[in-house]
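Visitor: Prediction below, plus the sequence it came from.
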Amino acid sequence: MNPSTSSSPYPPRHRWKVLAAGVAANAAFSVAFSGIPMTAVLMRTGYQLDNATLGLVLGLMGLGIAVSELPWGMLTDRWGDRPVLLTGLGGTALALLAMALWAAPGARQVPGLGMLAAGLLLVGLLGGSVNGASGRAVMTWFDASERGLAMSLRQTAVPLGGAIGALALPFVALHWGFAALYCLLAALCALGALLAWAWVHEPAASAPRAGAGAQAASQGGPLRDARVWRIVLGIGILCAPQFAVLSFGTVFLHDFGHVGLGLVTATMVFTQIGAMVMRVWSGRWTDRRRNRPAYLRACSLLSAGLFAALAALVLAAGSQAADAWALRAALVVLLGMSGVCVSAWHGVAYTELATLAGAARAGTALGMANTSVFLVCFVTPFSIPHLLTLQGWTLVWLAASACALVALPLLVPAAVDGYPKLEAKAVGRST
């Protein structure tokens, strides 16, 4: 049960509206962030890019998010969730409208690379606001017995937006062009801002949340806590295989597997929906069992194994993948399973991190994590073309497997040394 909020003008059930607004904000931006790479094949043609330039362009939005995440998170701790969400989502909508006007390719001209790059970078800089703000709202409105589920529900917004993007954006870009695509994304961000304005409010200052103070990081805050930095680095590194699937999964299936656009789209939609379902299940399951470290360990090891199997399949297939239906099917299945597994752990890891930092500093801690995540998001698509040049797709998926293994000792000790004992005390106080 949540602590009493009798001094608040909002009843306890209002926390679900706050969560819904946070999900909508994250989903709106995720449609852009995760959906635009789903149009990679069309973007490569429409903007007349090679693979290296495509990787750079796709990474720029992630770079913008990485640069802005920590400042947005610190502003959220200072200003609150509502003004940050309104500013960020409103600015993102305006930036996307500007791209529709000046950075969309048409029948008569192709915009310069600089215009496209600047537009995507600006979208990333402004859209980075949604992650820390909505995460802090979860920490302030939900107590320890519900945070894993609530944070995981919030995190489902990312694959939900990605699934919508994978399903809709290639179709929109193919039939109506990139100007219509950017207008659609702007409208979604504006809708997210409207819901934030209506529902996102601070809980009463006098209404404590279970564990909010007991689990604060060291006296210097998250930026000076080594435990926080370890889990931040682990989260970032484990995102590299996920971004490899999201940014170049369509190119891999199209170029190597010679898979049609319909099946490519279906594979990416399955990946996003599967990740969404797994995030909800894992949040509830680990809330009940309080076994988040074990779950993170299992996700890391299974992801490493799946990507190693994908690399082995590519190596075995060689140049014959396009000539064997069974091999193409196996590539689709393995890529989809790998993408689901490496995307399923986010809610659990973010709950660990936010609980370790404490609700009052959750915005900063989540900003740190998302800075790490989106630096990796920039580096990953930028690096993949170079790995392809060296040793092809086998090296790409082996590198993804290695990243999952490297993340394991960073994520699990941070969780084991950090929150569980403290959270157990907090749960005991709240029951």
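Guide: Received the coordinates, thanks.
Visitor: In which helix or strand does the residue nearest the centre of the chain reside?
Guide: In the chain, the residue lying closest to the centroid (Cα atoms, centre = their mean) is Val158, at 5.1 Å. Val158 belongs to helix 157-176 when assigned by DSSP states H and E.
Visitor: For that helix, which helices and strands make contact with it?
Guide: Contacts defined by 3 or more Cβ pairs under 8 Å, 6 or more residues apart in numbering; DSSP states H and E place helix 157-176 against helix 14-35, helix 40-46, helix 178-199, helix 261-289. Quick note: C-beta positions are derived from backbone N, CA and C, even for glycine.
Visitor: winner for burial among these?
Guide: The highest mean neighbour count among the helices and strands packed on helix 157-176, using mean count of other Cβ atoms under 10 Å, belongs to helix 14-35: a mean of 24.
Visitor: need the next SSE after the host helix or strand of Glu69, C-terminal direction.
Guide: Assessed by DSSP H and E, Glu69 sits inside helix 51-79. Tracing the chain past helix 51-79, the next element assigned as helix or strand by DSSP H and E is helix 81-102.
Visitor: quick one: that next one to helix 14-35, angle?
Guide: 30 degrees (axes from the mean of the first three to the mean of the last three Cα atoms, to 10 degrees).
Visitor: how about helix 81-102 as PDB, C-alpha atoms only?
Guide: The C-alpha coordinates for helix 81-102 follow below in PDB (Å, rounded to 0.1, in the frame of the first residue of the first chain):
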ATOM      1  CA  ASP A  81       9.100  16.600 -13.800                       C
ATOM      2  CA  ARG A  82       6.300  18.700 -15.200                       C
ATOM      3  CA  PRO A  83       8.200  21.800 -16.600                       C
ATOM      4  CA  VAL A  84      11.000  19.600 -18.000                       C
ATOM      5  CA  LEU A  85       8.600  17.300 -19.800                       C
ATOM      6  CA  LEU A  86       6.600  20.300 -21.200                       C
ATOM      7  CA  THR A  87       9.800  22.100 -22.400                       C
ATOM      8  CA  GLY A  88      11.400  19.000 -23.900                       C
ATOM      9  CA  LEU A  89       8.400  17.600 -25.700                       C
ATOM     10  CA  GLY A  90       7.300  20.900 -27.000                       C
ATOM     11  CA  GLY A  91      10.700  21.700 -28.300                       C
ATOM     12  CA  THR A  92      11.000  18.300 -29.900                       C
ATOM     13  CA  ALA A  93       7.700  18.800 -31.700                       C
ATOM     14  CA  LEU A  94       8.900  22.100 -33.100                       C
ATOM     15  CA  ALA A  95      12.300  20.600 -34.200                       C
ATOM     16  CA  LEU A  96      10.500  17.800 -36.100                       C
ATOM     17  CA  LEU A  97       8.200  20.300 -37.800                       C
ATOM     18  CA  ALA A  98      11.300  22.200 -38.900                       C
ATOM     19  CA  MET A  99      12.800  19.000 -40.300                       C
ATOM     20  CA  ALA A 100       9.500  18.400 -42.300                       C
ATOM     21  CA  LEU A 101       9.900  21.800 -43.800                       C
ATOM     22  CA  TRP A 102      13.700  21.900 -44.600                       C
END
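Visitor: So which other helices or strands are in contact with the helix or strand following it?
Guide: Next helix or strand after helix 81-102 toward the C-terminus (DSSP H and E): helix 113-127. With contacts taken as 3+ Cβ pairs under 8 Å, 6+ apart, helix 113-127 sits against helix 14-35, helix 51-79, helix 81-102.
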